[in-house]
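# give the three-dimensional model of this entry:
(one chain, ligands or ions: 1)
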Amino acid sequence: MQLAAMQQALIDREAKALTRSTRALGAVSGRLLHVNGRQYLNFSGNDYLGLASEPKVQQALCDAVSQYGVGSTGSPLVTGFHAAHQALSAELCDWLGVERVLLFSSGFAANQSMLECLASADDQLLLDKLCHASLISAAQQHPSQVKQPLRRFAHNELASLEKLLQKTASASHQLVVTEGVFSMDGDSPDLPAMLRLCQQHQAALLLDDAHGIGVLGPEGRGTAAAQGIACSEVFCTMANFGKALGASGAFLAANSTVIEYLEQFAKHYIYSTALPPALCAAVHCAIRLVRTEQWRRDQLQDNIRLFRQLAAEAGLPLLQAEEATSSWLDSSQHSAIQLLLLGEASRALALSQALQQQGIWLTAIRPPTVPPNSARLRITLSASHQPDDIWFLINTLRQYF
Ligand SMILES: Cc1ncc(COP(=O)(O)O)c(C=O)c1O
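The predicted model follows:
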């Protein structure tokens, strides 16, 4: 690409109020963050259970740095796979009841590998319309695009998926890709019904549960478990450590054959430095807490309920109706992702800036992350929030609607 074209693209983006920029943050927790010496209430993070700043997890990280050093020193198949990776993998298998897992340095990389490796050039990829960018870009770059262009079904709509499964039945194999909790909408598909549909068509179900793991289901085993499905019934599950587990990195979970295949053929696994072992030790500690400390999920659900009740009383335009968020989950479980739909990007940006002035950190989510004219405030609740924080948020938001 020519420099002039890059400059033009930047100017166009700015003109549409779509430019994004980073801010250097000081200390961050599920509840608070600091920027330039000022403290803000944090309603934009993904630290749903408050584990990023949990002292036991921090201690596990420090202890493991003393034992293993800072980095893994290599890719997993060379010098990068340590006892900490092995222990974390075993814990994940025990937690989720799966035969094997494979660790990746990010959810993005894991999703890329999942699609790249598990679909062949003759296969048909079928993605939910609102799937994460990591899944869409993997599908768009897949060799199957030559013969079987990617098809996308209407968001969470089984009838639309069924039509596409019927239309593309001549493909050698069909792979259906969806998310447990959609990152920018906070809603969930009906996974048992989707799994049945996949089984009827001998299609494989691939699930990205970045926002369900830790938060939903017994012991926080995720969205499938919350809907009564064993993780082993899903062909392959991706979940990452950067949300409820408070760290970073990710894993793919599946049966032994699938994971062994990925271990031999996934480029993002083979040709990339393995996760730092100390980080694996911290994630391992976080998973133990997720499994045993149900109070964190209870606290989170209390906070979500309070937010939804106050938002409804204030007449705020929440994106999901009560039924939509909870229909496939039991009524005690809601997604920690709540949306205020604003439409125009400039309106979302202005509101985000106004909230910042009042001490609330709430990033505006704008296209291309979400479809045109559906800019929104993505409000994430954490177990670390206190009821007063939520009251303050609602009372502040109320001034703008
Ligand atoms: C649904 C979903 N999948 C995948 C990813 C990518 O995960 P990671 O941040 O670990 O690369 C994210 C997070 O940004 C996500 O929200």
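
# pull up the distance across stretch 46-54, start to finish.
Length of stretch 46-54, first residue to last, CA to CA, to the nearest Å: 14 Å.

# and what of stretch 238-258?
13 Å.

# now do the buried residues in stretch 198-216.
For stretch 198-216, the neighbour count (16 or more other CB atoms under 10 Å) marks 198, 201, 203-216 as buried. C-beta coordinates here come from the backbone N, C-alpha and C atoms, glycine included.

# same question for stretch 72-85.
72, 75-76, 80-82, 84-85.

# give me the distance between residue 4 and the ligand.
Remark: distance between residue 4 and the ligand (CB to the nearest ligand atom, to the nearest Å) = 32 Å.

# host element of that residue?
helix 3-15 (DSSP states H and E).

# what count of nearby residues applies to the closest residue to residue 216 other than its chain neighbours?
Leaving aside its chain neighbours, residue 216 sits nearest to residue 226 (4.0 Å; criterion: CB to CB, 6 or more residues apart in numbering). Look at residue 226: counted by other CB atoms under 10 Å, it has 24 neighbours.

# burial count for the residue of the stretch 1-150 of the chain found nearest the ligand?
When scored by CB to the nearest ligand atom, the stretch 1-150 of the chain has residue 107 as its residue closest to the ligand, at 2.3 Å. For residue 107, the neighbour count with other CB under 10 Å is 24.

# wait, does the one helix or strand residue 125 maps to contact the ligand?
Residue 125 is located in strand 124-128, with elements delineated by DSSP H and E. No: against the ligand, strand 124-128 shows no contacts by CB under 6 Å from any ligand atom, the least distance being 10.8 Å.

# just the residues contacting that strand, thanks.
For strand 124-128, contacts defined as CB atoms under 8 Å, 6 or more residues apart in numbering pick out 115, 119, 135-136, 139, 142, 144, 148, 150-153, 155-156, 161, 164-165, 168, 171, 173-179, 182, 189, 203.

# do that again at 7 Å, thanks
Here strand 124-128 makes contact (CB atoms under 7 Å, 6 or more residues apart in numbering) with 115, 119, 135-136, 139, 142, 144, 148, 150-153, 155-156, 161, 164-165, 168, 171, 174-179.

# one more: stretch 93-105?
Here stretch 93-105 has contacts from 85, 88-89, 92, 110, 113, 219, 221, 230-232, 249-256, 259, 262-263, 268-269, 272, 275, 287, 291, using CB under 7 Å, 6+ apart.

# just the buried ones from the residues you listed, in PyMOL syntax?
Command for PyMOL, covering only those of the contacts of stretch 93-105 found buried under the criterion 16+ other CB under 10 Å:
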select buried, resi 85+88+89+92+110+113+221+231+249+250+251+252+253+254+259+262+263+268+269+272+275+287+291
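
# can you narrow the contacts of stretch 93-105 to ones near the ligand?
residue 250.

# so which of the contacts of stretch 93-105 sit within helices?
85, 88-89, 92, 110, 113, 256, 259, 262-263, 268-269, 287, 291 (DSSP state H).

# in contact with the most centrally placed residue in the chain: list those residues for me.
Per CA atoms, centre = their mean, the C-alpha nearest to the average position across the chain is that of residue 210, at 3.0 Å. Residue 210 makes contacts with 107, 183, 239-240, 243, as judged by CB under 7 Å, 6+ apart.

# close to the ligand: what parts of this structure are there?
106-108, 111, 132, 134, 179, 183, 208, 210, 240, 242, 250.

# not counting sequence-adjacent ones, nearest residue to the residue of the stretch 251-400 of the chain at minimum distance from the ligand?
Nearest to the ligand, among the residues of the stretch 251-400 of the chain, is residue 337, at 9.4 Å (CB to the nearest ligand atom). Closest residue to residue 337 apart from its sequence neighbours, by CB to CB, 6+ apart: residue 186 at 3.2 Å.

# and the gap between the one you found and the ligand?
Look at residue 186 and the ligand: by CB to the nearest ligand atom, they are 11 Å apart.

# from residue 92, how far off is residue 220?
12 Å (CB to CB, to the nearest Å).

# same question, residue 342
From residue 342 to residue 92 the distance is 38 Å (CB to CB).

# surely residue 39 is in a strand?
Yes: under DSSP: H, G, I helix; E, B strand; the rest coil, residue 39 sits within a strand.

# okay, residue 251 and residue 135: tell me how far apart.
Shown here: residue 251 relative to residue 135, a distance of 16 Å by CB to CB.

# go on, residue 83?
Taking CB to CB, one finds residue 83 at 32 Å from residue 135.

# can you check residue 230 too?
23 Å.
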